[in-house]
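In: fold the following for me, if possible:
(2 chains)
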Protein chains: 2
Amino acid sequence: MSLIVTGTIGIDTIRTPTGSLEGALGGSATYFSAAASFYGPVRLVAAVGGDFPDKHMAMLKGFTGVDTRGLEVRPHSKTFAWGGKYHANMNSRDTLFTELGVLAEHPPKVPDAFADARTVFLANSAPAVQLGFMDQLPQRKLTVADTMDLWINIAKPDLVALLKRVDGLVLNYDEAELLTGKANTITAGRHILDMGPRFVVIKKGEHGAILVHRDGIAALPAYPAETVIDPTGAGDTFAGGMMGYLAAQLASANGANIDPGSYTNIRRALVHGTVVASFNIEDFSLTRLATLARADIDARVDKFLGMVRV
Amino acid sequence: MSLIVTGTIGIDTIRTPTGSLEGALGGSATYFSAAASFYGPVRLVAAVGGDFPDKHMAMLKGFTGVDTRGLEVRPHSKTFAWGGKYHANMNSRDTLFTELGVLAEHPPKVPDAFADARTVFLANSAPAVQLGFMDQLPQRKLTVADTMDLWINIAKPDLVALLKRVDGLVLNYDEAELLTGKANTITAGRHILDMGPRFVVIKKGEHGAILVHRDGIAALPAYPAETVIDPTGAGDTFAGGMMGYLAAQLASANGANIDPGSYTNIRRALVHGTVVASFNIEDFSLTRLATLARADIDARVDKFLGMVRV
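Out: Numbers count the residues shown, from 1 in each chain, chains lettered A, B, ... in the order given. As a prediction, this is how the structure comes out:
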């Protein structure tokens, strides 16, 4: 299906109201690719340092759908590290520290074997890096980017240039407000469409997601989860389930002229993103995804549809 | 269809980030009965003082479905008055003042002509008043109560007694946490079922509503509204649309043994509550509802279903 992603691989320190974990496997591309791997192969392009633990490499490679030929290990560099502390409601957090490591160096290159990718996800990283990545993928048919408040604040011109060229954007509701100056989520979404993309998925954490698409608006609640241990990676696994589903649609079309970014396809994809993310938050780091099976996802998709069907 | 409601009729002072209004028609029973009146007749039991303006009485009676024979005018008393100020995001507010007036006196009596009501809504008022009201309605088939943080704080034993006897409860997510001590909305909902009701509807304002029912869980987003002028009465009109729909179901069953409080019926009713509330917030006080037609509701229900159908 030739889904490709670039983004971060990180070593996370996570503090929640009920527990904490040091030195955990994390990063936007890690969570994304693990989540998408339940739908088919996913090509990972990212870099780590010589300090990247063997056990983390083993866990990442344990997701058999993740193609790690684009994973660069830079022996004399340090892996990106991030620490975060969640508030009591688990829906917001503070960043405790960020150590860029390899992220401050040149971005990893797309291997020749990956250059024919058609479905592209630009996980959270500098917009200039995201732009450089998509330029190496001439056969891309659907390109979707994630972003965050940091880039809106320090690299807005690059982000504006990126938005002119992607099909879709996913971001949090507060980031949508920061980007557009509009507090109303729908109004913010419309403004983002005016900046270029065909659709924007605005994530609201435990309150679900809103799709603002040139062909219509849709709203989907989150999966009503009772077990929330660690929300880290919820947004990335949401994107992974969503993009994995879309890439699989494109692959199964087998040359037929389908439109993976259509209003209808994105809506269906949001259900998968929601469900994969709902598993991810049930344990720290990628622990829950590591034992997950596609059948678990399909069963929860059915259960979720039963809860939200009107 | 014999839907009956008791609650407050108030004179509101409302401040929002974009405007303010003094001396507006408000109150939980006012908003509820206006909203429910689009679905059929609704019997209003409430009291006002001699200061209640003629223009407010005219507006209330302008909702032709509202049966005001249970509206007591007490010439020597004062109408309940409330002032509120909304925060920038419109999803939370501070109470500026509360003048109880008639609410500090004996509750209004159920007229004999209303005593055969089958669908009962106990809009927000003291739990002891709500209990006394339902005791006057021996033919009730479905009884649903609203409550608020004030009663959880100062009248919890009465509220606990009420919960043992109602079929359903509607309340805000933060009130559900206050009542149960559980921050997770689903967990809080389950605890409330343990206190007696067959179902609880937990409202999350712009983020929609969660139904926790003995027969299942459901989640529904709010209508993606871009025009939010005054959120006052959103919860009461939500309940009005919901209960109006349920009462109409019961009425149209025409003696057949239907169960208005079933999981399936409540889910459908939430759609109507959501849509009626989405109109209410488009203008101050009851201004928008005063010009609304049932056809407008039906058209938006269709539009909303198109946005949330999965």
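
In: quick check: which element contains A:Leu250?
Out: helix A:234-253 (DSSP states H and E).

In: alpha carbons of that helix, as CSV, please.
Out: Taking C-alpha atoms only, helix A:234-253 is exported to CSV below (Å, rounded to 0.1, in the frame of the first residue of the first chain):
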residue,chain,number,x,y,z
ALA,A,234,-3.0,9.4,21.3
GLY,A,235,-2.9,11.9,18.5
ASP,A,236,-0.2,10.0,16.6
THR,A,237,-1.9,6.6,16.9
PHE,A,238,-5.2,8.3,15.9
ALA,A,239,-3.4,9.5,12.7
GLY,A,240,-1.8,6.1,12.3
GLY,A,241,-5.2,4.3,12.3
MET,A,242,-6.7,6.9,10.1
MET,A,243,-3.9,6.9,7.5
GLY,A,244,-3.4,3.1,7.7
TYR,A,245,-7.1,2.7,6.8
LEU,A,246,-6.8,5.1,3.9
ALA,A,247,-3.7,3.5,2.5
ALA,A,248,-5.3,0.1,2.7
GLN,A,249,-8.3,1.5,0.8
LEU,A,250,-6.0,2.8,-1.9
ALA,A,251,-4.1,-0.5,-2.0
SER,A,252,-7.2,-2.6,-2.2
ALA,A,253,-8.5,-0.5,-5.1
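
In: chain center to that helix, what's the gap?
Out: Offset of helix A:234-253 from its chain centre (CA atoms, centre = their mean, to the nearest Å): 10 Å.

In: what's the answer for stretch A:296-305, then?
Out: The chain centre lies 20 Å from the centre of stretch A:296-305; the measure is CA atoms, centre = their mean.

In: run through who's touching that stretch.
Out: A:Phe38, A:Tyr223, A:Gly241, A:Val271, A:His272, A:Thr274, A:Val275, A:Val276, A:Ser278, A:Phe279, B:Val310 (CB atoms under 8 Å, 6 or more residues apart in numbering or on different chains). (C-beta placed from N, C-alpha, C; glycine too.)

In: what about 6 Å?
Out: With CB atoms under 6 Å, 6 or more residues apart in numbering or on different chains as the test, stretch A:296-305 has contacts from A:Phe38, A:Tyr223, A:Val275, B:Val310.

In: and for stretch A:237-244?
Out: By CB under 6 Å, 6+ apart, stretch A:237-244 touches A:31-32, A:35-36, A:39, A:121, A:146, A:170, A:269, A:272-273, A:276-277, A:280.

In: what are the buried residues along the helix holding A:Leu250?
Out: Applying a neighbour-count criterion of 16 or more other CB atoms under 10 Å in any protein chain shown, one finds A:234-251 buried in helix A:234-253.

In: ok, the helix or strand hosting A:Val120: who's next to it in the sheet?
Out: Element membership for A:Val120, per DSSP H and E: strand A:119-122. According to DSSP bridges, strand A:119-122 forms sheet pairs with strand A:3-6 (parallel), strand A:142-146 (parallel).

In: the contacts of stretch A:296-305 in helices, which ones?
Out: Among these, DSSP state H puts A:Val275 in helices.

In: mind putting the contacts of stretch A:296-305 in CSV, neighbour count, pLDDT and distance to B:Val212 included?
Out: Listed next are the contacts of stretch A:296-305 as CSV, based on neighbours: other CB atoms under 10 Å in any protein chain shown; pLDDT from 0 to 100; distance: CB to CB, whole Å:
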residue, neighbour count, pLDDT, distance to B:Val212
A:Phe38, 25, 98, 29
A:Tyr223, 24, 97, 14
A:Val275, 26, 98, 20
B:Val310, 16, 88, 20
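
In: and the furthest pair within the contacts of stretch A:296-305?
Out: A:Phe38 and B:Val310 (19.3 Å; CB to CB).

In: A:Ala277 contacts A:Ala234, correct?
Out: Yes: here A:Ala277 reaches A:Ala234: they are 4.7 Å apart, a contact under CB atoms under 6 Å.

In: report the mean per-residue pLDDT for the helix holding A:Leu250.
Out: On average, the pLDDT along helix A:234-253 is 95.

In: that helix to strand A:142-146, inter-axis angle?
Out: If you take axes from the mean of the first three to the mean of the last three CA atoms, to 10 degrees, helix A:234-253 sits at 180 degrees to strand A:142-146.

In: please name the residues that touch the residue minimising distance to the centre of chain A.
Out: Nearest to the geometric centre of chain A sits A:Asp236, at 2.9 Å (CA atoms, centre = their mean). Taking CB under 6 Å, 6+ apart, we find A:Asp236 in contact with A:Ser28, A:Tyr31, A:Phe32.

In: check the residue of the stretch 1-150 of chain A found nearest chain B and give its pLDDT.
Out: Sorted by distance to chain B under CB to the nearest CB, the residues of the stretch 1-150 of chain A start with A:Asn89, at 6.2 Å. With respect to pLDDT, A:Asn89 scores 80.

In: with adjacent residues omitted, what lies nearest to it?
Out: Excluding the flanking residues, the one nearest A:Asn89 by CB to CB, 6 or more residues apart in numbering or on different chains is B:Ala183, at 6.2 Å.
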